[in-house]
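S.K.: what's the 3D shape of this:
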Amino acid sequence: MFNTESLIDMQVFSGRLTNPDGKLVPDGAYGITLRIFAEPAGGKALWSETFKSVLIGKGVFSIPIMKGTLPSIEVFKDGAYLEIQVGAEVGLARQVFDSTVLDATLATTSAQSALKSDATFSFMKDVDPDLSVPRAVYPASSAVVGMVSTIPGPWGIAVSGEYVYLTGLAPDARRFQVINVSNPDHPVEAGLLTLPPTLGCRLPEIFVSPNNQYACVMTCGTYGPHAQHYGFHVINVSRPGAPTLIGDYRTGPIPFAMAFFGDYAILTRASSGSSGLDIISMENPSFPISVSQLSTPETLYGVAVSGNYAYIVSGWDISISAPVDTCYLYVIDISNPSKPSIVSKRSLGQFPEYITAFIHVAGHYAYISTLYEQPVAGESELLIVDIENPMQPEVRSRTGLDFRSVYTLLVSDRWLYAQYFNADRYDVLDIVDPARPMVTRYFELTDIFEVGVTHGTLHGAISGSYVYVVSESQNLLRVTRLP
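M.R.: The predicted model follows:
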């Protein structure tokens, strides 16, 4: 199958490659040359371009090409053929373009098939990835499909099911907002809750329970008389049109992240002499009750739960208010919530001026990103850790990224999305090979807001095929499809 899809002024060529035995070529990076001919065989190429590094997964490649570099539409009216060369191997047969469809796709932004649906590029000899070629990273673009006004200064954002949940930073107008996105093209406000002044929070992160019955809003107040209000508040969202504040939990130490398992929540906390975690019974969300605590010498930050284990990464030394140089991955057995136990503690390496990390677990792997102290220059890093054996987690790869502060991670199938803090950008990584993750494309969150308009800090969340982005200063939620 071969399709062309438009990315504004770019034409994306994508297709499928097979080896002589009919099997799809192996995943990896390949050097590829595309040529367009007027004849099905022989003749002189009318157009040719070489791409040093093209990522292929499940036999499929995708290459953006500037429309202005392609032959004119007139060339295709009398018939034109595409030839592909991978490394030194030229495909056995050229594939004919559908001139009427290509005419439309070159002239407009519609995405239609450019070749017959059964078109396949095969080779006389096996072709394999070239591990020496550099990675190619392409910009991606995606149009806004929906938009709705939000509470003042939106910051915390979470997506669960058909709803987006928001909290704001505005100290004089703290609110919790529920937005129905069952139709992403037409998001609408479903419910609104005005929060008491005691809910002052510098970074009001939101964690939604797996059953979508309640949401927990972190509180680490820094405004006025409520600066010591550390913990979280519980909001009943079972009726999205009428969210209500039903519970409260105080930690004493600063809370950082939360994850749910069964009728329990695990909360990481950071404070001089009190670093560690709380396991909290949420059987009655109106009365969260601590059932156990576990102290650690390192400050714990990002947490994820898989099966009977919690995976937690350490970071900033809160006791001396300074970055640390070593990051650890703790694996904690939570099969008995009343008696959590550390089953392994793995050093992940040295990270100069390192503050903290975020973690996402999917399958047998933990994906960990680093956040660095400002204004330290340099890259963030992505670590992929094999956790198939929780007793002996093994680092499979450590990959440098373009910015110093990765804030959000999400894994969906073979793709990992990394959002950068204060960089307003997502990188998209192919993680089909955990030992060699590859940044394949990126998209700027600023692209979905008007050029020249101040948008303030942007925060995003991904669910399904959509990205939900809030603008702190514009008080807007915009919905766009994943590119």
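
S.K.: Please count neighbours and contacts with C-alpha atoms only from this point.
M.R.: Noted.

S.K.: Could you list the low-confidence segments of the stretch 101-250 of the chain?
M.R.: Counting by pLDDT under 70, the stretch 101-250 of the chain has low-confidence residues at 101-119, 130-143, 169-173, 197-203, 220-229.

S.K.: Sorry, wrong one. I was asking about the stretch 251-400 of the chain.
M.R.: For the stretch 251-400 of the chain (pLDDT under 70), the answer is 252-253, 270-273, 316-325, 350-356, 371-379.

S.K.: For residue 22, see how far away the closest residue in space to residue 90 that isn't next to it in sequence is.
M.R.: Counting by C-alpha to C-alpha, 6 or more residues apart in numbering, residue 90 lies nearest to residue 84, which is 6.1 Å off, once chain neighbours are set aside. Note on residue 84: its distance to residue 22, by C-alpha to C-alpha, to the nearest Å, is 17 Å.

S.K.: With neighbour numbers in mind, choose between the two.
M.R.: Taking other C-alpha atoms under 10 Å, residue 84 and residue 22 do not tie; residue 84 has more neighbours (23 against 11).

S.K.: can I assume the more buried one is in contact with residue 32?
M.R.: Yes: Residue 84 is within contact range of residue 32, at 7.1 Å (criterion: C-alpha atoms under 8 Å).

S.K.: that older thread, quick one, what contacts the residue nearest to residue 90?
M.R.: By C-alpha atoms under 8 Å, 6 or more residues apart in numbering, residue 84 lies in contact with 32, 33, 34, 35, 90, 91, 94, 121.

S.K.: which residues pair with it across the strands?
M.R.: Note on residue 84: beta-bridge partners by DSSP bridges are residue 34.

S.K.: I'd like to know how far the nearest residue to residue 360 once chain neighbours are set aside sits from residue 347.
M.R.: Distance criterion C-alpha to C-alpha, 6+ apart; nearest residue to residue 360, sequence neighbours excluded, is residue 367 at 5.1 Å. From residue 367 across to residue 347, the span is 15 Å (C-alpha to C-alpha).

S.K.: For stretch 467-483, give the mean pLDDT please.
M.R.: The pLDDT scores in stretch 467-483 average 81.

S.K.: Which residues are in contact with the spatially closest residue to residue 45 that is not a sequence neighbour?
M.R.: Nearest residue to residue 45 in three dimensions, chain neighbours excluded: residue 37, at 4.9 Å (C-alpha to C-alpha, 6+ apart). Counting by C-alpha under 8 Å, 6+ apart, residue 37 touches 43, 44, 45, 46, 47, 80, 81, 82, 83.

S.K.: Ok, residue 26 next?
M.R.: So residue 26 contacts 56, 57, 58, 59, 128, 129 (C-alpha under 8 Å, 6+ apart).

S.K.: Out of these, grab the one that's most surrounded.
M.R.: Counting by other C-alpha under 10 Å, top hit in those: residue 56 with 22 neighbours.

S.K.: Strand partners (parallel or antiparallel) of the host helix or strand of it?
M.R.: Using DSSP states H and E, the element containing residue 56 is strand 47-56. If you go by DSSP bridges, strand 47-56 pairs up with strand 28-37 (antiparallel).

S.K.: got a list of what the closest residue to residue 214 other than its chain neighbours touches?
M.R.: Ranked by C-alpha to C-alpha, 6+ apart and with sequence neighbours excluded, the top spatial neighbour of residue 214 is residue 236, at 4.4 Å. Contacts for residue 236 (C-alpha under 8 Å, 6+ apart) come out as 213, 214, 215, 243, 244, 245, 246.

S.K.: cool, and residue 189?
M.R.: In this structure, residue 189 makes contact with 148, 177, 178, 179, 180, judged by C-alpha under 8 Å, 6+ apart.

S.K.: I'd like the contacts of residue 37 written out as CSV, with pLDDT added.
M.R.: Below are those laid out as CSV (pLDDT from 0 to 100):
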residue, pLDDT
43, 90
44, 91
45, 90
46, 88
47, 88
80, 81
81, 85
82, 85
83, 90
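
S.K.: Can you select the buried ones among these for me in ChimeraX?
M.R.: The following ChimeraX line selects those of these that are buried, judged by 16 or more other C-alpha atoms under 10 Å:
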select :80,81,82,83
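
S.K.: closest to residue 161 among the contacts of residue 37?
M.R.: When the contacts of residue 37 are ranked by distance to residue 161 (C-alpha to C-alpha), residue 82 comes first, at 43.1 Å.

S.K.: Please confirm that that closest one is located within a strand.
M.R.: Yes: counting by DSSP: H, G, I helix; E, B strand; the rest coil, residue 82 is located in a strand.

S.K.: OK, contacts around the spatially closest residue to it that is not a sequence neighbour?
M.R.: Setting aside the residues directly before and after it, residue 82 is nearest to residue 36 in space (C-alpha to C-alpha, 6+ apart), at 4.7 Å. By C-alpha under 8 Å, 6+ apart, the contact list for residue 36 reads 45, 46, 47, 48, 80, 81, 82, 83.

S.K.: Can you lay out those as a markdown table showing distance to residue 156?
M.R.: Compiled in a markdown table, those are given as follows (distance: C-alpha to C-alpha, whole Å):
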| residue | distance to residue 156 |
| --- | --- |
| 45 | 54 |
| 46 | 53 |
| 47 | 49 |
| 48 | 48 |
| 80 | 52 |
| 81 | 51 |
| 82 | 48 |
| 83 | 49 |
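
S.K.: farthest pair in the residues you listed?
M.R.: Top of the distance list for the contacts of residue 36 (C-alpha to C-alpha): 48 and 80, 13.1 Å.

S.K.: the domain parsing of this protein - what is it?
M.R.: 2-136, 144-481 (automatic domain parsing).

S.K.: Between the contacts of residue 236, identify the one with the most neighbours.
M.R.: residue 214 (25 neighbours).

S.K.: Might one say that that one is in contact with residue 237?
M.R.: Yes: with contacts counted by C-alpha under 8 Å, residue 214 reaches residue 237, the gap being 4.9 Å.

S.K.: show me what contacts the closest residue in space to residue 163 that isn't next to it in sequence?
M.R.: Spatial nearest neighbour of residue 163, chain neighbours left out: residue 180 (4.7 Å); criterion: C-alpha to C-alpha, 6+ apart. Residues near residue 180 by C-alpha under 8 Å, 6+ apart: 162, 163, 164, 187, 188, 189, 190.

S.K.: Check the gap between residue 180 and residue 188 for me.
M.R.: With C-alpha to C-alpha as the criterion, residue 180 and residue 188 are 5 Å apart.

S.K.: Could you name every residue contacting both of these two?
M.R.: Common neighbours of residue 180 and residue 188 (C-alpha under 8 Å, 6+ apart) do not exist.

S.K.: Which strands or helices does the strand or helix carrying the residue nearest to residue 360 pack on?
M.R.: For residue 367, the enclosing helix or strand under DSSP H and E is strand 365-372. Judged by 3 or more C-alpha pairs under 8 Å, 6 or more residues apart in numbering; DSSP states H and E, strand 365-372 is in contact with strand 341-362, strand 381-386, strand 406-412.

S.K.: could I get those strands as JSON lines with mean neighbour count and distance to residue 287?
M.R.: As requested, those are exported to JSON lines (neighbours: other C-alpha atoms under 10 Å; distance: least, C-alpha to C-alpha, whole Å):
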{"stretch": "strand 341-362", "mean neighbour count": "19", "distance to residue 287": "25"}
{"stretch": "strand 381-386", "mean neighbour count": "22", "distance to residue 287": "36"}
{"stretch": "strand 406-412", "mean neighbour count": "20", "distance to residue 287": "30"}
